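Colleague: need the 3D shape of this:
(chains A and B)
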Amino acid sequence: MSDPTIFEMSSPGRIGARFPEPDVPLAELPQEFLRENLPMPELSEIDVIRHFTNLSRKNYAIDVGFYPLGSCTMKYNPRVNEEMARLPGFAHTHPLQPIETVQGNLAMMYELQEWLKEISGFKAVTLQPAAGAQGEFTGVMIIRAYHRSRGDLQRTKIIIPDSAHGTNPATSAMSGFEVVPVPTDADGNVDMAALRAVCDEHVAGLMLTNPNTLGLFDCNVKEVVDLIHNCGGLVYGDGANLNALLGIVRPGDLGFDVMHYNLHKTFSTPHGGGGPGSGPVGVTEALAEFLPGPIAGIVEEGDEEMAPLYGWVMPAKSIGRVKSFFGQFGMMVRAYTYISMYGPDGMRSIAEHAVLNANYLLARLRDTYKVAYDRVCMHEFVLEGHFADAPEIHALDIAKRLIDYNIHPPTNYFPLIVKEALMIEPTETESKQVLDQFAEVMVKIAEEARTSPELLKSAPHNTPVGRLDEVKAARDLVLCCWVPDKA
Amino acid sequence: MNIPANLKYAETDEWVLVEGNVATIGISDHAQDQLSDIVFVEIVVSEGDTVKKGATCATLESVKAAADVNLPVSGKVVAINEDLAQTPEVVNSDPYGKAWMVKVELANPGELTGMMDAAAYEKYCAERSH
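Modeller: This is a model prediction of the structure:
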């Protein structure tokens, strides 16, 4: 069954809101901009409310059930974050207000920057990038600006291990670099011999996701960082998996030069359709002057009686703005709230419980599913979704069958270096009961794969629509909300 | 799995058909099976280009992943399959026929000796599948 689109529900002449007679002169739209073939839906308010409420009830979210989407850190978003973000002093300010009238907002941003610096061991932070991928782009453009400022124009390559996030190669290519892939060794670490072979004076940097997308902490991270530094390159840390390290390891201390944070992962601001992302970037002292700006800073020191005056500071050799205004402000309020609620010890316990939960699930599933690189994992792990005695079953079928048990599928077919990958990240917010239920469902699905494979091949069954035709969706693109008349 | 005996194979799953001094290049049946349904093909070299072994000649996208097709040989591009952009599904249905991607006039026929024959490639695929 499917719902009609809002265009199909349209009834000529029906309206949802009446406007008063205009009390200003009418302006005519120029004729050339008027279109005859633009069907706008005509509905009453209750039609619209019912349509979207019904659609929303078919949605799946962390508030509905378990969401072990690997490398996405789909942790619960505490409601106190929402309450703080709606405080009128935060919610009703405008980015163009005079700074004297938004000192609280600026103080919050400044303090959040300080906390992110402390958490990661960096010397300066920008809150501007709108999402993780934009944070990566910002970071790599900073690396580019650094080499160029030194007159070092021969550095054209960025090295990326094949266990990195999929956005890393795209970021490097978009920033004008040649991507040089490096394989993973038998233990799931960067292959050091292969890395050594590509280190030369053309290396601008390396992008390392640590823990990597196998959920493993790279045991050679120090050596990797040194190798890159010794050939004159910089090391970019993909902070998407920072949840595993909070309060335990600081990427800045490991020698990383630049890293993005995902406020919408690690720091519990909504994502996955629930809100915009936010991808602040932290850098070392040497790179601070290249950060995008303006950045919240203290423009007049305070004393015992006067609070400092906060304002905007533009780094000396800034790569420029990467986002209008100052970034996703509402997300900063939420992340600030989250960090305040937990404090330093709480931060550490987040990482500990995220790692404990992942290892507990791994231990429960190890005998049922093949584990790609079987060692103590960090916040996530990768299983192989195939069985020798059920050859027609693929990771996709297991993922779709999970939906029937009201569980969001894990990330699948990534990382590419694992056959039929199922990447599972439970996060610290799930209880042992939820983890046990998930493990039992996964074991049951493995049994079903042998006894009634058709159940998996045709899954999901309990959803408003069944298995979607992904091939048709990708080959036969229809990107407008209504199909124009063929005539 | 179909592994024609008259072709040579690369470790990155491309095949080469040599006729005279021209090599025709595509991806193997094993490769298309691993990628699953191909939904997009872009040939990234043009006729007349001088290309080096190892360079990317095409980009593929399936519902699961994106992958580069690397040239197993160096030389001059003498033809590209312009139909593939419109019919990416033939990479799945006819990987050794209609889904040829580029033809290269060989600059260094010696490069072919480093490639696998059908028997070696079959063994290579079997080794990777567990």
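Colleague: quick one: contacts for the residue in the stretch 301-450 of chain A positioned nearest to chain B?
Modeller: Proximity of the stretch 301-450 of chain A to chain B (Cβ to the nearest Cβ) peaks at residue A:413, 4.3 Å away. C-beta coordinates here come from the backbone N, C-alpha and C atoms, glycine included. Listed by Cβ atoms under 8 Å, 6 or more residues apart in numbering or on different chains, the contact partners of residue A:413 are A:395, A:396, A:420, A:421, B:64, B:65.
Colleague: please repeat the previous calculation with a cut-off of 10 Å.
Modeller: A:385, A:394-396, A:399, A:419-423, B:35-36, B:62-65 (Cβ atoms under 10 Å, 6 or more residues apart in numbering or on different chains).
Colleague: tell me the one of those nearest residue A:353?
Modeller: The closest of these to residue A:353 turns out to be residue A:423 (Cβ to Cβ; 19.1 Å).
Colleague: pretty sure the closest one sits in a strand.
Modeller: Yes. Under DSSP: H, G, I helix; E, B strand; the rest coil, residue A:423 falls within a strand.
Colleague: so what's it closest to, chain neighbours aside?
Modeller: residue A:70 (2.8 Å; Cβ to Cβ, 6 or more residues apart in numbering or on different chains).
Colleague: which residues touch that neighbour?
Modeller: A:213-215, A:241, A:358, A:379-383, A:410-412, A:414-415, A:421-426.
Colleague: ramachandran angles for it?
Modeller: Note on residue A:70: its backbone torsions stand at phi -50, psi 140 [degrees, to the nearest 10].
Colleague: residue A:160 versus whatever residue of the stretch 201-350 of chain A ends up closest to chain B, what's the distance?
Modeller: Scanning the stretch 201-350 of chain A for the residue nearest chain B gives residue A:213, at 13.3 Å (criterion: Cβ to the nearest Cβ). Residue A:213 sits at a distance of 12 Å from residue A:160 (criterion: Cβ to Cβ, to the nearest Å).
Colleague: hey, what's in contact with both of the two?
Modeller: In contact with both residue A:213 and residue A:160: A:166, A:238, using Cβ under 10 Å, 6+ apart.
Colleague: have a look at the two and say which one is more surrounded.
Modeller: Neighbour comparison, residue A:213 and residue A:160: the larger count goes to residue A:213, with 29 against 25 (by other Cβ atoms under 10 Å in any protein chain shown).
Colleague: what secondary structure does the more buried one sit in?
Modeller: Residue A:213 ends up coil, using three-state DSSP.
Colleague: for it, which non-adjacent residue is spatially closest?
Modeller: Using Cβ to Cβ, 6+ apart, the closest residue to residue A:213 is residue A:415 (4.2 Å).
Colleague: surely that neighbour is in contact with residue A:211?
Modeller: No. Counting by Cβ atoms under 10 Å, residue A:415 stays clear of residue A:211, with 12.0 Å between them.
Colleague: list the buried residues in the lengthiest helix in chain A.
Modeller: Longest helix in chain A, counting residues (DSSP state H): helix A:329-365. Residues of helix A:329-365 classed as buried by neighbour count (16 or more other Cβ atoms under 10 Å in any protein chain shown): A:329-339, A:342, A:347, A:350-351, A:353-362, A:364-365.
Colleague: which secondary structure elements does it contact?
Modeller: Judged by 3 or more Cβ pairs under 10 Å, 6 or more residues apart in numbering or on different chains; DSSP states H and E, the packing partners of helix A:329-365 are helix A:79-85, helix A:88-91, helix A:103-120, strand A:381-384, strand A:421-424, helix A:432-451.
Colleague: now with 6 Å?
Modeller: helix A:79-85, helix A:103-120, helix A:432-451 (3 or more Cβ pairs under 6 Å, 6 or more residues apart in numbering or on different chains; DSSP states H and E).
Colleague: out of those helices, which gets nearest to residue A:318?
Modeller: That would be, of these and by Cβ to Cβ, helix A:103-120, which comes in at 15.3 Å.
Colleague: count the neighbours of residue 87 for me.
Modeller: Picked chain A for this. The burial count for residue A:87: 12, using other Cβ under 10 Å.
Colleague: sorry, should have said chain B
Modeller: Residue B:87 has 16 nearby residues by other Cβ under 10 Å.
Colleague: secondary structure class of it, three-state.
Modeller: coil.
Colleague: let me know the pLDDT of the closest residue to it other than its chain neighbours.
Modeller: Nearest residue to residue B:87 in three dimensions, chain neighbours excluded: residue B:98, at 7.4 Å (Cβ to Cβ, 6+ apart). Confidence at residue B:98, expressed as pLDDT, is 97.
Colleague: got phi/psi on residue B:110?
Modeller: The phi and psi values for residue B:110, taken as degrees, to the nearest 10, are phi -60, psi -20.
Colleague: what pLDDT does it get?
Modeller: For residue B:110, the predicted pLDDT is 93.
Colleague: among the helices and strands packed on helix A:329-365, which is the most enclosed?
Modeller: helix A:103-120 (a mean of 19; mean count of other Cβ atoms under 10 Å in any protein chain shown).
Colleague: by contact count, what packs against that one?
Modeller: So helix A:103-120, by 3+ Cβ pairs under 6 Å, 6+ apart, packs with strand A:124-126, strand A:295-300, strand A:309-313, helix A:329-365.
Colleague: distance between it and the chain's centre?
Modeller: 21 Å (Cα atoms, centre = their mean, to the nearest Å).
Colleague: residues in contact with it?
Modeller: A:89, A:93, A:125, A:127, A:250-252, A:261, A:280, A:282, A:296, A:310, A:332, A:336, A:339 (Cβ atoms under 6 Å, 6 or more residues apart in numbering or on different chains).
Colleague: of those, buried ones?
Modeller: Buried, going by 16+ other Cβ under 10 Å: A:125, A:127, A:250-252, A:261, A:280, A:282, A:296, A:310, A:332, A:336, A:339, out of the contacts of helix A:103-120.
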